[in-house]
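A.B. asks: got a predicted structure plus its sequence, pasted below:
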Amino acid sequence: MSHEVTKHPVPEAFAAQANLTPETYKEMYARSVNDPEGFWAEHGKRIQWMKPFTQVKDVSWDKDNLHVKWFADGTLNVTESCLDRQLETRGDKPAIIWEGDEAEDAHTLTYRQLYKAVCRFSNVLKDLGVGKGDRVTIYLPMIPEAAMAMLACARIGAIHSVVFGGFSPEALAGRITDCESKFVITADEGLRGGRKVPLKTNADKACQLANGMVEKMLVVQRTGGDVHMEEGRDFWLHEVGAEVSDECAPEPMNAEDPLFILYTSGSTGKPKGVLHTCGGYLVWASMTHEYVFDLKENDVFWCSADVGWVTGHTYIVYGPLANGATSVMFEGVPTYPDASRFWEVCDRHQVTIFYTAPTAIRALMREGSDPVDKTSRKSIRLLGTVGEPINPEAWEWYFHIVGEGRCPIVDTWWQTETGGTMIVPLPGTTDMKPGAGSHPFFGVKPELVDAEGNILQGEAEGNLIITDSWPGQMRTVYGDHQRFVDTYFSAYPGNYFTGDGCRRDADGFYWITGRVDDVINVSGHRMGTAEVESALVSHHAVAEAAVVGYPHDIKGQGIYAYVTTVAGVEMDDELKKDLIKHVRYEIGPIASPDLIQFAPGLPKTRSGKIMRRILRKIAEDSFDALGDTSTLADPEVVDQLIEGRQNRS
Ligand code: WTA
């Protein structure tokens with residue numbers, strides 16, 4: 001396969017104003033990896049400390065003594081960086097510009113207003129009995145209260161666990177019980193693309209499923225919809241928030257005290273609670289936000305992710321606010337009321353930096369250039385993408401049609417586990433190759449390895465590992481340190497294994513090729529195939545199920561499920577619909593299988609292991625590449641599956 005690509009130089013006008021040059025990047029990068037102690041001692045000061053750190057890095061990736069600590073003797077509260085210290089010079093600067101689902105519905109919160117709102121929110125949480133170290137589950141739509149809730153937790157030292165509003169009651173309950181969260185913050189209803197999302201009703205069901213774990217629920221009024229409020233357990237924010245003070249002293253936290261838990265899917269088992277701590281995470285969030293996005297004082301920064309994902313944590317809330325930037329928060333969807341919405345929001349709020357996911361770009365590209373052309377977009381200076389590999393066609397469309405060739409594109413590769421961007425073409429420092437993650441951020445040491453763990457040199461393709469720690473690294477899996485060790489440090493001992501495949505080209509650019517484990521990436525959302533399988537087999541008609549990803553034009557990957565029914569049950573359209581409904585109930589709409597195929601049997605080795613490689617190939621429509629099937633217990637199954645392949649192109 002040829003990897004010829006068009007190289008785009010940095011647009012000249014952009015380069016002239018960029019914060020970094022190719023030379024400054026090289027210099028800073030060299031220092032960051034040759035003298036990490038000195039480099040991070042300096043850059044660790046970019047955030048506000050109550051008691052400055054004297055220690056910088058205390059890390060061991062040895063599996064018998066695995067620990068990750070940064071700035072470990074420092075004391076801080078992250079909200080002082082995000083709020084208090086901004087008041088003097090940026091009190092009247094917009095901190096959050098909120099754009100609602102309906103276009104007329106927009107408002108702005110200045111840093112001073114946000115500071116007061118967060119203090120009030122913090123006092124409400126305290127009154128409800130939330131204290132330092134308590135876990136608080138946040139299940140909110142994209143409204144400013146979501147950011148306030150996160151910051152209020154941080155202010156009083158509670159650990160937030162934000163659960164994406166699209167997750168089902170079952171999934172929410174699982175996340176509540178895993179971290180033993182006694183407090184839930186939700187809203188009456190969410191609003192997306194003109195449709196209501198019954199958040200409070202879902203939260204009520206989750207509370208029931210969590211068997212008395214939840215003691216208090218704080219409810220934000222969003223739509224005014226009629227919801228059940230349980231006496232003694234449920235409280236309206238606007239009621240309990242009316243009487244509290246708008247001052248709340250920040251809780252002093254150790255740099256390594258937990259800041260948040262965020263659940264993410266892996267190749268096995270239940271989603272795991274990725275834990276980030278206060279000091280290193282905030283340094284990483286603010287540092288990457290400044291350099292990756294070439295941040296200037298008057299920028300209006302819009303990250304279109306949901307706060308339920310790590311991208312929203314780092315680049316809607318913590319990074320921008322720690323940098324005193326203006327952050328746009330959007331409640332709606334890119335295609336409502338029509339496909340111009342993103343660009344209209346950019347015009348309305350004079351967005352200068354726009355950051356979104358390839359799946360959104362592909363969906364909008366399908367609508368043609370008219371919806372884009374009728375907007376101005378002159379305010380935009382820089383574009384970004386995240387979440388999945390971007391195909392060159394979508395990259396070119398984004399670059400030429402949306403950015404009119406003026407704006408560099410930063411394709412940011414990172415993970416929930418990494419806290420912030422790791423591999424990126426820093427704007428102004430490098431030619432751009434559509435689809436290439438390009439170069440490591442400061443302090444990041446990537447390598448490619450083969451299956452045996454040999455480090456590959458020069459032009460090569462292999463598994464992507466990181467060989468040294470960076471401040472934003474996750475610290476553990478909440479409540480299961482061994483799982484942290486096993487998941488990330490056992491495949492290539494002494495190194496962090498990303499789970500991604502990657503190619504390095506002759507010019508040294510890194511190209512992420514996608515997951516090499518049983519994680520699929522659907523519209524930029526991580527999904528463990530094991531989770532979808534376990535949802536399917538919990539249906540009474542299902543005997544066995546195997547789930548794989550397959551290429552999907554818009555979503556990047558779609559979910560392909562092979563299902564063996566129990567004896568006497570036939571697979572028909574009715575059952576398929578019911579299975580989809582069941583998965584939505586168990587996990588949420590994002591996990592709905594796109595294609596379900598009846599499998600009379602699944603290809604297994606003689607020892608009973610499902611041969612996923614074969615299932616993947618069939619789902620990908622690449623029957624010629626099935627490889628060796630002679631070790632199968634029942635080779636005929638493969639022909640039957642090929643025969644029944646759904647939606648064949
Ligand atoms: C994928 C999202 C290619 C990758 C921030 C990674 C990407 C997973 C990119 C993490 C990118 C993320 N190019 N692939 N720019 N960004 N990925 O935890 O497979 O939701 O491992 O974090 O998304 O997904 P997560």
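C.D. replies: Cool, the structure landed.
A.B. asks: so residue 177 makes contact with residue 210?
C.D. replies: Yes - counting by C-beta atoms under 8 Å, residue 177 touches residue 210, with 5.1 Å between them. Backbone N, C-alpha and C define where each C-beta goes, glycine included.
A.B. asks: for the residue of the stretch 151-300 of the chain found nearest the ligand, which non-adjacent residue is spatially closest?
C.D. replies: Closest contact between the stretch 151-300 of the chain and the ligand, by C-beta to the nearest ligand atom, is at residue 264 (5.2 Å). Distance criterion C-beta to C-beta, 6 or more residues apart in numbering; nearest residue to residue 264, sequence neighbours excluded, is residue 416 at 4.2 Å.
A.B. asks: which residues are in contact with the one you found?
C.D. replies: 262, 264, 274, 309, 310, 474, 526 (C-beta atoms under 8 Å, 6 or more residues apart in numbering).
A.B. asks: does the third one have beta-bridge partners, and which?
C.D. replies: Translated: residue 274. Note on residue 274: beta-bridge partners by DSSP bridges are residue 262, residue 477.
A.B. asks: distance of it from residue 310?
C.D. replies: Remark: distance between residue 274 and residue 310 (C-beta to C-beta, to the nearest Å) = 8 Å.
A.B. asks: quickly note the distance from residue 301 to the ligand.
C.D. replies: 16 Å (C-beta to the nearest ligand atom, to the nearest Å).
A.B. asks: quick check: chain neighbours aside, which residue is closest to that residue?
C.D. replies: residue 353 (4.7 Å).
A.B. asks: got the phi and psi for that neighbour?
C.D. replies: phi -130, psi 120 (degrees, to the nearest 10).
A.B. asks: look up which residues are beta-bridged to it.
C.D. replies: Counting by DSSP bridges, residue 353 is bridged to residue 301, residue 382.
A.B. asks: check contacts around it.
C.D. replies: Taking C-beta under 8 Å, 6+ apart as the test, what residue 353 contacts is 293, 294, 295, 299, 300, 301, 302, 380, 381, 382, 383, 384.
A.B. asks: same deal with residue 95?
C.D. replies: Residue 95 neighbours (C-beta under 8 Å, 6+ apart): 86, 109, 110, 111, 113, 114, 321, 326, 327.
A.B. asks: what's downstream of the host helix or strand of it, the next helix or strand?
C.D. replies: Per DSSP states H and E: residue 95 is located in strand 94-99. Per DSSP H and E, the first helix or strand lying C-terminal to strand 94-99 is strand 106-110.
A.B. asks: what comes up buried for that following strand?
C.D. replies: 106, 108, 109, 110 (16 or more other C-beta atoms under 10 Å).
A.B. asks: for the residue nearest to residue 264, give me the pLDDT.
C.D. replies: Residue 416 carries a pLDDT value of 98.
A.B. asks: gap between it and residue 262?
C.D. replies: Residue 416 is 6 Å from residue 262, by C-beta to C-beta.
A.B. asks: shared neighbours, those two?
C.D. replies: Residues touching both residue 416 and residue 262 (C-beta under 8 Å, 6+ apart): 274, 309, 310.
A.B. asks: so for residue 177 and residue 210, which residue has more residues nearby?
C.D. replies: residue 210 (23 against 15; other C-beta atoms under 10 Å).
A.B. asks: was I right about that one contacting residue 178?
C.D. replies: No - using C-beta under 8 Å, residue 210 is not in contact with residue 178, being 10.0 Å away.
A.B. asks: could you measure from the residue lying farthest from the centre of the chain over to residue 599?
C.D. replies: Residue farthest from the centre of the chain, counting by C-alpha atoms, centre = their mean, is residue 568 at 42.0 Å. Look at residue 568 and residue 599: by C-beta to C-beta, they are 16 Å apart.
A.B. asks: hmm, back to that, reformat the contacts of residue 95 as a markdown table; add pLDDT.
C.D. replies: Converted to a markdown table, the contacts of residue 95 look like this (pLDDT from 0 to 100):
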| residue | pLDDT |
| --- | --- |
| 86 | 98 |
| 109 | 98 |
| 110 | 98 |
| 111 | 98 |
| 113 | 98 |
| 114 | 98 |
| 321 | 99 |
| 326 | 98 |
| 327 | 98 |
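A.B. asks: just the buried ones from these, in PyMOL syntax?
C.D. replies: Buried subset of the contacts of residue 95, written as a PyMOL selection, criterion 16+ other C-beta under 10 Å:
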select buried, resi 86+109+110+111+113+114+321+326+327
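A.B. asks: tell me the residues of the stretch 201-350 of the chain that contact the ligand?
C.D. replies: 264, 309, 310, 311 (C-beta under 6 Å from any ligand atom).
A.B. asks: out of those residues, who's the most crowded?
C.D. replies: Counting by other C-beta under 10 Å, top hit in these: residue 310 with 26 neighbours.
A.B. asks: test my guess that it contacts residue 262.
C.D. replies: Yes - using C-beta under 8 Å, residue 310 makes contact with residue 262 at a distance of 5.7 Å.
A.B. asks: shared neighbours, those two?
C.D. replies: In contact with both residue 310 and residue 262: 274, 416, using C-beta under 8 Å, 6+ apart.
A.B. asks: before we move on, the earlier item: give the ChimeraX command for selecting the buried subset of the contacts of residue 353.
C.D. replies: If you want just the buried ones from these in ChimeraX, going by 16+ other C-beta under 10 Å, the selection is:
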select :293,294,295,299,300,301,302,380,381,382,383,384
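A.B. asks: as CSV, the contacts of residue 353 with pLDDT would be great.
C.D. replies: Output for those, formatted as CSV (pLDDT from 0 to 100):
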residue, pLDDT
293, 98
294, 98
295, 98
299, 98
300, 98
301, 99
302, 98
380, 98
381, 98
382, 98
383, 98
384, 98
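A.B. asks: so which of the contacts of residue 353 comes closest to residue 52?
C.D. replies: residue 295 (24.2 Å; C-beta to C-beta).
A.B. asks: that closest one in helix, strand or coil?
C.D. replies: coil (DSSP: H, G, I helix; E, B strand; the rest coil).
A.B. asks: now for it: which residues touch it?
C.D. replies: So residue 295 contacts 19, 289, 301, 323, 325, 353 (C-beta under 8 Å, 6+ apart).
A.B. asks: and which of these is nearest to residue 359?
C.D. replies: Nearest member of those to residue 359, counting by C-beta to C-beta, is residue 353, at 19.5 Å.
A.B. asks: which positions in the protein make contact with the ligand?
C.D. replies: Residues of the chain lying near the ligand (C-beta under 6 Å from any ligand atom): 264, 309-311, 386-389, 411-416, 437, 498-500, 512, 514-515, 521, 526.
A.B. asks: was I right about residue 548 contacting residue 619?
C.D. replies: Yes - Residue 548 is within contact range of residue 619, at 5.1 Å (criterion: C-beta under 8 Å).
A.B. asks: of the two, which one has the most company?
C.D. replies: Higher neighbour count among residue 548 and residue 619: residue 619, with 27 against 24, using other C-beta under 10 Å.
A.B. asks: now do the contacts for the more buried one.
C.D. replies: When contacts are counted by C-beta under 8 Å, 6+ apart, residue 619 touches 548, 549, 550, 560, 595, 645.
A.B. asks: so the fourth one sits against residue 599, correct?
C.D. replies: No - counting by C-beta under 8 Å, residue 560 does not reach residue 599; the two are 11.1 Å apart.
A.B. asks: what about those two, which has more around it?
C.D. replies: residue 560 (27 against 23).
A.B. asks: coming back round to it: intersection of neighbour lists for residue 548 and residue 619?
C.D. replies: Counting by C-beta under 8 Å, 6+ apart, the contacts common to residue 548 and residue 619 are residue 560.
A.B. asks: need the strands for the stretch 101-250 of the chain, in chain order.
C.D. replies: Listed in chain order, the strands of the stretch 101-250 of the chain (DSSP state E, counting those that start in this stretch) span 106-110, 135-139, 159-162, 183-187, 190-192, 195-197, 216-220, 234-236.
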